[in-house]
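> sharing a model prediction with you, sequence too.
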Amino acid sequence: GAGVSQSPRYKVAKRGQDVALRCDPISGHVSLFWYQQALGQGPEFLTYFQNEAQLDKSGLPSDRFFAERPEGSVSTLKIQRTQQEDSAVYLCASSLGRQNNQPQHFGDGTRLSIL
Amino acid sequence: QKEVEQNSGPLSVPEGAIASLNCTYSDRVSQSFFWYRQYSGKSPELIMSIYSNGDKEDGRFTAQLNKASQYVSLLIRDSQPSDSATYLCAVSNYGGSQGNLIFGKGTKLSVKP
């Protein structure tokens, strides 16, 4: 595809349920990032993959959050035992190379609402 | 704590005027700087990137970087109503090979016809 694709666009879950969010990066992009954006705030970094290797997960807010990219392409962000404070837009971004001057291109995000 | 600060606005300018958006950052080793535009309910869209001191122009947009003052700005000339959006300043966290971004909270720009 031409851009970063995320699914689902909207997800409503009850508190305590597990959710899985999918990101399909731009073809050939080595780096993949997950961000969390609360209403009225800028995106906040969650985790970073270089190919299939998760090089940084320092932004994950708790051990209920887990991300994987097993084949170095599609990535899944999983949230277990969801809480109301998990409600936010989850953005995925990819960039072509490994260097920090490579622009990141964002998907449209998944808007997660926990009831 | 590495921080990126922006005036949240809203910044209101008349159509055709110059809009000036400002951003300061706390980490002196930051090397890459980006401006993203985000329409309500949409994803951030890259507008400009800048890596060295001085000005960088692209159409109606000019990014300015002053590393000594830890300051980066975005000028939008001949502002149009379609420029009305939230503008996010982003700074690359590391000087090396990893590039997760630290974002400001964004400045909401409103261009009045």
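Everything's here; your move.

> could you find the closest non-adjacent residue to residue 52?
Using chain A. Using C-beta to C-beta, 6 or more residues apart in numbering or on different chains and skipping residues adjacent in sequence, the residue nearest residue A:52 is residue A:72, 4.2 Å away. Bear in mind the C-beta positions are built from the backbone N, C-alpha and C, glycine included.

> the chain in question should be chain B.
Counting by C-beta to C-beta, 6+ apart, the residue nearest residue B:52 is residue B:65, at 6.8 Å.

> next, that neighbour: secondary structure please.
Look at residue B:65: counting by DSSP: H, G, I helix; E, B strand; the rest coil, its state is strand.

> beta partners of it?
Using DSSP bridges, the bridge partners assigned to residue B:65 are residue B:54, residue B:72.

> who's in contact with the lowest-mean-pLDDT helix or strand in chain B?
Taking mean pLDDT, DSSP states H and E as the measure, the helix or strand of chain B with the lowest value is strand B:101-103, at a mean of 90. With C-beta atoms under 8 Å, 6 or more residues apart in numbering or on different chains as the test, strand B:101-103 has contacts from A:33, A:35, A:42-45, A:104, B:2-4, B:25, B:27, B:34, B:36, B:88-93.

> got a pLDDT number for the residue nearest to residue B:52?
Note for residue B:65: predicted pLDDT of 96.

> follow-up on the earlier one: may I have the strands that pair with the least confident helix or strand of chain B, each with its orientation?
As assigned by DSSP bridges, strand B:101-103 forms pairs with strand B:85-92 (antiparallel).

> which residues touch the strand it pairs with?
A:42-43, A:100-101, B:2, B:4, B:6, B:21, B:23, B:25, B:27, B:30-40, B:44, B:47, B:72, B:74, B:99-104, B:106-109.

> what count of nearby residues applies to the nearest residue to residue A:35 once chain neighbours are set aside?
Residue nearest to residue A:35 in three dimensions, not counting chain neighbours: residue A:43, with 3.7 Å by C-beta to C-beta, 6+ apart. Residues near residue A:43, counting by other C-beta atoms under 10 Å in any protein chain shown, number 29.

> for residue A:91, see how far away residue A:43 is.
For residue A:43, the distance to residue A:91 equals 5 Å [C-beta to C-beta, to the nearest Å].

> overlap in contacts, the two.
Contacts common to residue A:43 and residue A:91, judged by C-beta under 8 Å, 6+ apart, are A:35, A:36, A:37, B:44.
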